[in-house]
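Trainee: Quick one, structure for this:
(one chain, ligands or ions: 1)
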Amino acid sequence: MTAPSMLAQALTHLEDAAVHLDIDTDVLEKLKYPRETTQVRLMIRMDDGSRKSFMAWRCRYDDTRGPTKGGIRFHPESNADEVETLAFWMTFKCAVMNLPYGGGKGAVRVDPHVLSKAELERLSRAYIKAFSRIIGPDRDIPAPDVYTNSMIMGWMADEYASIVGEATPAVITGKPIALGGSLGRDDATARGGYYLVRHLAANLGFKPGSRVAVQGFGNAGQHIARLLKADGYRVVAVSDSRGGVYCPDGLDVDRLIAAKQAGSVTSLAGSGGVKAITGEELVSVDCDLLVPAAFEGLIGAGNAADIRAGIVLELANGPITPEADEILAGKGVVVLPDILANAGGVTVSYFEWVQNRQGYYWTAEDVHERLRRSMEAEGAAIWQLASERRISLRRAAYVHALARLASAIEAHGTQQFFIS
Ligand code: GLU
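Mentor: Residues are numbered from 1 along each chain as shown. Sure, this is the predicted structure:
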């Protein structure tokens with residue numbers, strides 16, 4: 001028997017959520033399959049004169065609530081199943097936050113670290129050339145994801161502008177500020193998670209001095225460590241792809257960020273009471289809040305039982321496998337689920353898109369304030385739903401989102417409407 005696809009596993013959340021709502025069967029029929037997935041082989045000229053090709057995808061999962069929205073990742077293991085699953089999660093994430101978007105996602109199968117800067121620019125532009133018919137400010141709006149950044153978004157927006165013959169900044173979000181990006185987009189994923197934890201802190205028993213461990217020290221990991229540290233929480237462990245560091249009294253976050261920028265956080269091990277640990281050991285560190293901020297599936301059946309944290313904040317997409325989710329529920333661990341916890345990124349992407357369309361730009365305070373309000377409102381609604389129905393926060397988040405998706409799908413007419 002072949003293992004179920006990643007999308008099949010993700011769809012169990014849809015079925016589980018549907019049980020809690022009185023929705024038309026049309027809704028599940030519509031949300032069970034990705035609407036459109038395009039696969040292209042990108043060809044670029046390398047610096048040594050050779051030609052090289054890379055597989056690339058863009059999936060528009062569902063656009064009932066608006067144009068599809070979601071990032072583009074550059075990763076050596078990307079594949080169609082992963083892209084479709086991430087697009088499914090985006091569909092629910094946008095509905096959780098009540099953004100007027102459907103869900104999409106894109107990827108290129110490449111290790112961007114081995115490309116030169118000029119090759120990276122050619123690849124980014126080639127992606128837009130190939131997918132320019134699919135994307136558009138009212139159709140499908142990309143953004144950064146794993147191993148893509150604001151500079152890449154800037155190249156992509158520029159390529160799109162030259163294809164359509166006019167500046168169209170709203171086609172892509174996460175751009176550099178100088179090219180129509182929004183203030184507050186760079187730390188938005190972490191900041192959204194931070195506002196959520198802060199708002200639910202009393203319910204979670206999380207207070208200044210509580211200990212935090214961060215798995216993955218890219219954009220989201222660095223910013224959450226910085227924000228929590230500034231509020232008096234103790235960041236006791238951090239890991240990146242080369243390994244981790246641990247210090248029960250708390251790590252110096254500024255030094256961690258400097259070390260990561262120079263290569264890896266592991267260079268801090270050995271001085272000032274900082275101990276080297278492996279990435280695997282980070283998961284089982286004695287702490288109150290564990291923040292997975294790296295990749296999918298890093299917390300699985302093999303290591304979930306070792307988790308000592310009482311709370312998990314999912315800043316990565318899909319860091320906990322369904323089996324691990326059950327193990328954590330059995331241990332009483334409270335999981336703040338990805339489609340809520342990391343939704344700050346796409347929420348500020350929405351703010352960027354609104355600003356681009358208005359041609360009127362907000363202050364960082366405006367962005368933070370609107371993000372805070374959205375995270376608190378949706379977070380509180382999901383917390384309440386979970387308490388009332390005695391279900392996990394993950395299931396409550398799916399129920400909350402599915403109710404919005406269902407009312408949009410049903411507004412076109414239900415089966416009952418058409419036969420009566
Ligand atoms: N890639 C981010 C995510 O997974 C952001 C998507 C966006 O801003 O559109 O949520």
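
Trainee: which parts of stretch 288-308 are buried?
Mentor: Neighbour-count burial for stretch 288-308, with 16 or more other Cβ atoms under 10 Å as criterion, is recorded at 288-296, 298-299, 303-304, 307. Where C-beta positions appear, they are placed from N, C-alpha and C, glycine not excepted.

Trainee: Quick one: these as JSON lines, columns for secondary structure and pLDDT too.
Mentor: As requested, those are exported to JSON lines (DSSP: H, G, I helix; E, B strand; the rest coil; pLDDT from 0 to 100):
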{"residue": "288", "secondary structure": "coil", "pLDDT": "97"}
{"residue": "289", "secondary structure": "strand", "pLDDT": "97"}
{"residue": "290", "secondary structure": "strand", "pLDDT": "98"}
{"residue": "291", "secondary structure": "strand", "pLDDT": "98"}
{"residue": "292", "secondary structure": "strand", "pLDDT": "98"}
{"residue": "293", "secondary structure": "coil", "pLDDT": "97"}
{"residue": "294", "secondary structure": "coil", "pLDDT": "93"}
{"residue": "295", "secondary structure": "coil", "pLDDT": "90"}
{"residue": "296", "secondary structure": "coil", "pLDDT": "90"}
{"residue": "298", "secondary structure": "coil", "pLDDT": "90"}
{"residue": "299", "secondary structure": "strand", "pLDDT": "95"}
{"residue": "303", "secondary structure": "coil", "pLDDT": "96"}
{"residue": "304", "secondary structure": "helix", "pLDDT": "97"}
{"residue": "307", "secondary structure": "coil", "pLDDT": "97"}
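
Trainee: Most widely separated two among those residues?
Mentor: Using Cβ to Cβ, the pair of the buried residues of stretch 288-308 lying farthest apart is 288 and 296, separated by 24.0 Å.

Trainee: So what would you say the end-to-end distance of stretch 177-186 is?
Mentor: Terminal residues of stretch 177-186 are spaced 10 Å apart (Cα to Cα, to the nearest Å).

Trainee: now it: how far from the chain's centre is it?
Mentor: 18 Å (Cα atoms, centre = their mean, to the nearest Å).

Trainee: can you give me the strands in the protein?
Mentor: 36-45, 51-62, 68-69, 72-75, 102-109, 140-141, 211-215, 234-240, 243-246, 275-277, 289-292, 311-313, 334-336 (DSSP state E).

Trainee: how many other residues sit next to the closest residue to residue 344 other than its chain neighbours?
Mentor: Nearest residue to residue 344, sequence neighbours excluded (Cβ to Cβ, 6 or more residues apart in numbering): residue 192, at 1.7 Å. Neighbour count of residue 192, defined by other Cβ atoms under 10 Å: 29.

Trainee: Residue of the stretch 51-200 of the chain closest to the ligand, please.
Mentor: residue 71 (2.8 Å; Cβ to the nearest ligand atom).

Trainee: What residues does that residue make contact with?
Mentor: 86, 105, 106, 142, 143, 144, 145, 146, 148, 174 (Cβ atoms under 8 Å, 6 or more residues apart in numbering).

Trainee: can we see that at 10 Å?
Mentor: 86-87, 90, 104-107, 142-146, 148, 153, 173-174, 317, 345-346, 349 (Cβ atoms under 10 Å, 6 or more residues apart in numbering).

Trainee: from the residues you listed, which are also near the ligand?
Mentor: 143, 145, 173, 317, 345, 346, 349 (Cβ under 6 Å from any ligand atom).

Trainee: Hmm, residue 36 is touching residue 134, no?
Mentor: Yes - Residue 36 is in contact with residue 134 according to Cβ atoms under 10 Å; the separation is 7.7 Å.

Trainee: Flag every residue of the stretch 151-300 of the chain that's near the ligand.
Mentor: residue 173.

Trainee: which regions of the stretch 151-300 of the chain sit below the pLDDT cut-off?
Mentor: By pLDDT under 70, the stretch 151-300 of the chain contains no weakly predicted segment.

Trainee: Could you rerun that using 90?
Mentor: 208, 271-272 (pLDDT under 90).

Trainee: so where do the helices sit in it?
Mentor: 188-204, 219-230, 253-262, 279-283 (DSSP state H, counting those that start in this stretch).

Trainee: Tell me what angle the longest one forms with helix 219-230.
Mentor: Meaning helix 188-204. Helix 188-204 and helix 219-230 meet at an angle of 50 degrees, taking axes from the mean of the first three to the mean of the last three Cα atoms, to 10 degrees as the criterion.

Trainee: shared neighbours, residue 36 and residue 134?
Mentor: With Cβ under 10 Å, 6+ apart, residue 36 and residue 134 have common neighbours 58, 59, 60, 68, 104, 140.

Trainee: Tell me, how many residues neighbour the second one?
Mentor: By the criterion of other Cβ under 10 Å, residue 59 has 29 neighbours.

Trainee: Please spell out which residues along the biggest helix by length in the chain are buried.
Mentor: Counting residues, the longest helix found in the chain (DSSP state H) is helix 364-389. Neighbour-count burial for helix 364-389, counted by 16+ other Cβ under 10 Å, picks out 367-368, 370-372, 374-375, 378-379, 381-383, 385-386.

Trainee: can that helix be found next to the ligand?
Mentor: No - for a cut-off given as Cβ under 6 Å from any ligand atom, helix 364-389 has no contacts with the ligand; the smallest distance is 12.4 Å.

Trainee: now for that helix, which elements pack on it?
Mentor: helix 80-96, helix 188-204, strand 334-336, helix 338-341, helix 344-358, helix 393-410 (3 or more Cβ pairs under 10 Å, 6 or more residues apart in numbering; DSSP states H and E).

Trainee: Can I get the fifth one in CSV, CA atoms only?
Mentor: Only the C-alpha atoms of helix 344-358 are listed here, as CSV (Å, rounded to 0.1, in the frame of the first residue of the first chain):
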residue,chain,number,x,y,z
GLY,A,344,0.1,37.3,10.3
GLY,A,345,2.2,37.0,7.1
VAL,A,346,-0.7,36.8,4.7
THR,A,347,-2.7,39.3,6.7
VAL,A,348,0.0,42.0,6.1
SER,A,349,0.3,40.8,2.5
TYR,A,350,-3.4,41.7,2.2
PHE,A,351,-2.6,45.1,3.7
GLU,A,352,0.2,45.6,1.2
TRP,A,353,-2.2,44.7,-1.7
VAL,A,354,-4.8,47.2,-0.4
GLN,A,355,-2.1,49.9,-0.1
ASN,A,356,-0.9,49.2,-3.7
ARG,A,357,-4.4,49.4,-5.1
GLN,A,358,-5.1,52.7,-3.2
